[in-house]
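Trainee: Only the shape, not the letters, is given here:
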């Protein structure tokens, strides 16, 4: 059973809950992977808005909160995956459960890879699209050399912005 199987609507089987009412670790892992995948899709959508007119401080805050939320989901799902793996080491566990858990571990790694890719892109875009601060806004306490340094930095940022727009437009 893989994440693709869950997406297609195939049931996990008859053993979804343990007798004490707690969720089966395998089902919990599948649920966690689904939640992470959904959150990563949201994160990618927000990353794609960086550098557009929708790129606002609110968007960046939402991006940050989504990143933190995904981190928490990953932590929780990782713990559940470890728990499921420990259960699989018992001799009385069926081979199909072991295979299901192995497929879920593979799906977990794949969604983590997607998240890492999206995080790298987010870091690049957040850096490339840092807002320009005009010299008129700089406090009067800045010395002439500090204004020159700020001006050099803003020119470099503008050059990066122009270059990144040129690359994305090709």
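Mentor: Ah, there it is. What you see is a predicted model, and the numbers here were worked out from it, not measured in a lab.
Trainee: can we go C-alpha only for contacts and neighbour counts from here?
Mentor: Will do.
Trainee: which residues in this structure form strands?
Mentor: Applying DSSP state E to the chain gives no strands.
Trainee: can you pull out the helices in it?
Mentor: For the chain, the helices defined by DSSP state H occupy 3-7, 25-49, 57-88, 95-128, 144-169.
Trainee: which of those is buried the deepest?
Mentor: Highest mean neighbour count of the helices of the chain: helix 25-49, a mean of 20 (counted as mean count of other C-alpha atoms under 10 Å).
Trainee: Counting by contacts, list what that helix packs against.
Mentor: Judged by 3 or more C-alpha pairs under 8 Å, 6 or more residues apart in numbering; DSSP states H and E, the packing partners of helix 25-49 are helix 3-7, helix 57-88, helix 95-128.
Trainee: again, 6 Å this time
Mentor: Judged by 3 or more C-alpha pairs under 6 Å, 6 or more residues apart in numbering; DSSP states H and E, the packing partners of helix 25-49 are helix 57-88, helix 95-128.
Trainee: can I see the domain layout of the chain?
Mentor: 3-128, 130-170 (automatic domain parsing).
Trainee: Lowest average pLDDT across those?
Mentor: Ranked by mean pLDDT, those end with domain 130-170 at the bottom, a mean of 50.
Trainee: gap between the closest residue to residue 88 other than its chain neighbours and residue 82?
Mentor: Sequence neighbours aside, residue 98 is the residue nearest to residue 88 in space, at 5.8 Å (criterion: C-alpha to C-alpha, 6 or more residues apart in numbering). As judged by C-alpha to C-alpha, to the nearest Å, residue 98 and residue 82 stand 13 Å apart.
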